[in-house]
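Chemist: turn this into a structure:
(one chain, ligands or ions: 1)
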Amino acid sequence: MSHFVELDNITLRYGGEDTGTVALEGATLRVARGEFVAVVGPSGCGKSTLMKALSGLWPVNAGTVIVAGREVARPLEIVGMAFQNATLLPWRTTLDNVMLPLEIVQPHRGRLRRHRAEYEARARDLLKLVGLAGFEQKFPWQLSGGMQQRASLCRALIHEPELLILDEPFGALDMFTREELWGVMQDLWMTKRPTVILVTHDLREAVYLADRVHVMSARPGRMVHARTVDLARPRTLEGTYTASFTAITQELREHISHARAAA
Ligand SMILES: Nc1ncnc2c1ncn2[C@@H]1O[C@H](COP(=O)(O)OP(=O)(O)OP(=O)(O)O)[C@@H](O)[C@H]1O
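Modeler: Residues are numbered from 1 along each chain as shown. Okay, the predicted model is just below:
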């Protein structure tokens, strides 16, 4: 069966052959369409690098990257991204920040002028879904960090990307806000069903959100363990304290400890 995302035996090196840093070596990851996958691993193991390879932002030295049946050779347009910092443009309102990808990505770019009302309604719907109704005309600096991150999730989804890459999107937030946004993210995913790849340091976050969690080795990174999370959805915060949930986080923790010790 061909998967929506196929990273096969990737090697990626920053810098020259002799002096460079080998960030990934023999990394393989397959994700089916509509799946939610999390990637965890020791610090500096190459998680963000894997996302750069996947999105076409950085070319690989060996191996293949295939998304939606096509080899990735340049930055992908069917991808939405959100990072640790919300990176909203301070001079744009929340609504205009969310609509930004529509000004860049085709076919929306060509349609935006004539169909602005339709697109604006889509942006307002998304903002409502994440609890930001009424904040459309506020500027980023008038929002809390958690609200900015909600807006950045809307921006990542506005062009209805088939693939959503989330690199530590909740990492800079306090624990309560982070937990709240897990629920928001789960709702967004259950409503829109994009394929999601989430990089995180937080094992509770990974298990709460993902269908499957992949553990990477220390650098040079490759996949060393995959754990299916077969807990019913929608998942709840209370559920993260049950024995079946903590058994999974514990198992993942042990794999990460081994990966760190082997470094
Ligand atoms: N642009 C770059 N040039 C040179 N080396 C880089 C570059 N980006 C990352 N690296 C190195 O590649 C390795 C993997 O980095 P990467 O950011 O992918 O790890 P990570 O697993 O996401 O880290 P963390 O968990 O700390 O966020 C690290 O040793 C890092 O220093």
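
Chemist: where does this structure have low pLDDT?
Modeler: Applying pLDDT under 70 to the chain picks out residues 1, 263.

Chemist: contacting residues around the residue nearest the centre of it?
Modeler: With distances taken as Cα atoms, centre = their mean, the residue of the chain nearest its centroid is residue 166 (1.7 Å). Applying Cβ atoms under 8 Å, 6 or more residues apart in numbering, one finds that residue 166 lies in contact with 81-82, 156, 185, 196-199. C-betas here are computed from N, CA, C, even on glycine.

Chemist: so which of those sit within helices?
Modeler: Among the contacts of residue 166, DSSP state H puts 156, 185 in helices.

Chemist: nearest to residue 234 among the contacts of residue 166?
Modeler: residue 185 (11.1 Å; Cβ to Cβ).

Chemist: please name the nearest non-neighbouring residue to that closest one.
Modeler: residue 209 (6.1 Å; Cβ to Cβ, 6 or more residues apart in numbering).

Chemist: get me the contact residues on the stretch 151-263 of the chain for the ligand.
Modeler: residue 219 (Cβ under 6 Å from any ligand atom).

Chemist: list the contacts of residue 186.
Modeler: 208-209, 233-235.

Chemist: filter the residues you listed down to the buried ones.
Modeler: Buried by 16 or more other Cβ atoms under 10 Å: 208-209, 235, out of those.

Chemist: export those residues to JSON lines and append columns for secondary structure.
Modeler: As requested, these are exported to JSON lines (DSSP: H, G, I helix; E, B strand; the rest coil):
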{"residue": "208", "secondary structure": "helix"}
{"residue": "209", "secondary structure": "helix"}
{"residue": "235", "secondary structure": "coil"}
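
Chemist: which one of those residues is nearest to residue 139?
Modeler: Checking these against residue 139 by Cβ to Cβ gives residue 209 as the nearest, at 29.5 Å.

Chemist: wait, the closest one touches residue 37, no?
Modeler: No. Contact criterion Cβ atoms under 8 Å: residue 209 and residue 37 do not qualify, at 9.5 Å.

Chemist: overlap in contacts of the two?
Modeler: Common neighbours of residue 209 and residue 37 (Cβ under 8 Å, 6+ apart) are 196, 198.

Chemist: and the contacts of residue 166, which of them are in strands?
Modeler: 81-82, 196-199 (DSSP state E).

Chemist: any of these buried? List them.
Modeler: Buried residues within the ones in strands among the contacts of residue 166, counting neighbours by 16+ other Cβ under 10 Å: 81-82, 196-199.

Chemist: ok, whichever residue of the stretch 151-263 of the chain sits closest to the ligand - contacts?
Modeler: Distances between the stretch 151-263 of the chain and the ligand by Cβ to the nearest ligand atom are smallest at residue 219, namely 5.2 Å. Residue 219 makes contacts with 21-23, 42, 44-46, 263, as judged by Cβ under 8 Å, 6+ apart.

Chemist: how does it look with 6 Å?
Modeler: 44-46 (Cβ atoms under 6 Å, 6 or more residues apart in numbering).

Chemist: of the residues you listed, just the buried ones, ChimeraX syntax please.
Modeler: A single ChimeraX command selects the buried members of the contacts of residue 219 (16+ other Cβ under 10 Å):
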select :45,46
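
Chemist: could the contacts of residue 219 be laid out in JSON lines, adding secondary structure?
Modeler: Converted to JSON lines, these look like this (three-state DSSP):
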{"residue": "44", "secondary structure": "coil"}
{"residue": "45", "secondary structure": "coil"}
{"residue": "46", "secondary structure": "coil"}
